[in-house]
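**Student:** just a sequence and a predicted model for now, questions to come.
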Amino acid sequence: TISDSVSDSWSGAAALYSNKPDVLVEDCVISNNVANARNGGAIYTESQGIHVKGTTFYGNRAGASAGAIYAQSSATTTNVIEGCTFIANWSAGVGGAINVLSHNTVITGCTFIANSSDKQGGAISCNSSTAIIGLRIEDCTFTGNAAAGGAAVSMATAYDRGFEAFRYMAAYSDLRAAFS
């Protein structure tokens with residue numbers, strides 16, 4: 001259990017910061033952590049892929065983006081988030097629970113309840129300023145998430161191909177008030 005941590009650092013990440021490859025977070029409870037004015041209330045990673053499995057994120061907050069997980073990765077790696085529960089996480093920016101700035105992310109078997117963002121992506125925000133992004137959401141449930149745009153999922157890019165830049169798939173997921 002990691003709880004009640006506060007970060008005022010440039011990266012945020014009240015619970016875990018990493019810039020190393022192959023980060024694994026498994027079977028944890030990460031709650032009530034705060035990244036003041038920064039990204040990643042619980043986790044901030046610039047790693048070559050993060051794998052989060054069977055972990056509960058509750059009540060984490062970020063003054064910028066990603067109440068729970070802020071993840072970046074390279075074109076040759078994949079972020080995997082599986083079997084996790086995200087409850088009541090919040091961000092002032094995008095991604096109430098998760099903000100991914102990566103080329104490939106797989107989110108499977110997760111539950112998102114009452115997460116919120118003041119901007120886009122009450123549960124998940126996926127965006128990039130330069131690259132084509134692959135996002136796969138499978139067998140997930142989204143309930144009562146809220147945001148100015150995309151209560152469940154928001155996808156955005158400054159890449160000149162716009163929405164076509166995303167390779168997106170949602171399979172067997174319950175998405176309500178879904179996308180922006």
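**Tutor:** Nice, I can see it.

**Student:** what's near enough to touch the residue most central in space within the chain?
**Tutor:** The centroid of the chain falls nearest to I98 when counting by C-alpha atoms, centre = their mean (1.3 Å). When contacts are counted by C-beta atoms under 8 Å, 6 or more residues apart in numbering, I98 touches 66, 68-71, 81, 86, 107, 121, 123-125. Quick note: C-beta positions are derived from backbone N, CA and C, even for glycine.

**Student:** distance of it relative to S9?
**Tutor:** According to C-beta to C-beta, to the nearest Å, I98 stands 20 Å off from S9.

**Student:** in the chain, what helix or strand scores lowest on average pLDDT?
**Tutor:** strand 166-171 (a mean of 50; mean pLDDT, DSSP states H and E).

**Student:** quick check: pLDDT value at the closest residue to A152 other than its chain neighbours.
**Tutor:** Distance criterion C-beta to C-beta, 6 or more residues apart in numbering; nearest residue to A152, sequence neighbours excluded, is F142 at 4.1 Å. Listed pLDDT for F142 reads 91.

**Student:** which strand or helix spans F142?
**Tutor:** Assessed by DSSP states H and E, F142 sits inside strand 141-143.

**Student:** point out where this protein drops to low pLDDT.
**Tutor:** The chain contains residues with pLDDT under 70 at 10-13, 102-103, 128-133, 157-180.

**Student:** now do 90
**Tutor:** For the chain, the stretches flagged by pLDDT under 90 are 1, 5-23, 36-38, 44-50, 71-79, 100-105, 126-139, 149-180.

**Student:** counting neighbours, what do you get for I2?
**Tutor:** 18 (other C-beta atoms under 10 Å).

**Student:** residues touching it, list them.
**Tutor:** Counting by C-beta under 8 Å, 6+ apart, I2 touches 15-16, 28-31, 33, 42.

**Student:** with N32 instead?
**Tutor:** Contacts for N32 (C-beta under 8 Å, 6+ apart) come out as 3-4, 58-60.

**Student:** out of these, which are inside strands?
**Tutor:** Secondary structure from DSSP state E places 3, 58 of those in strands.
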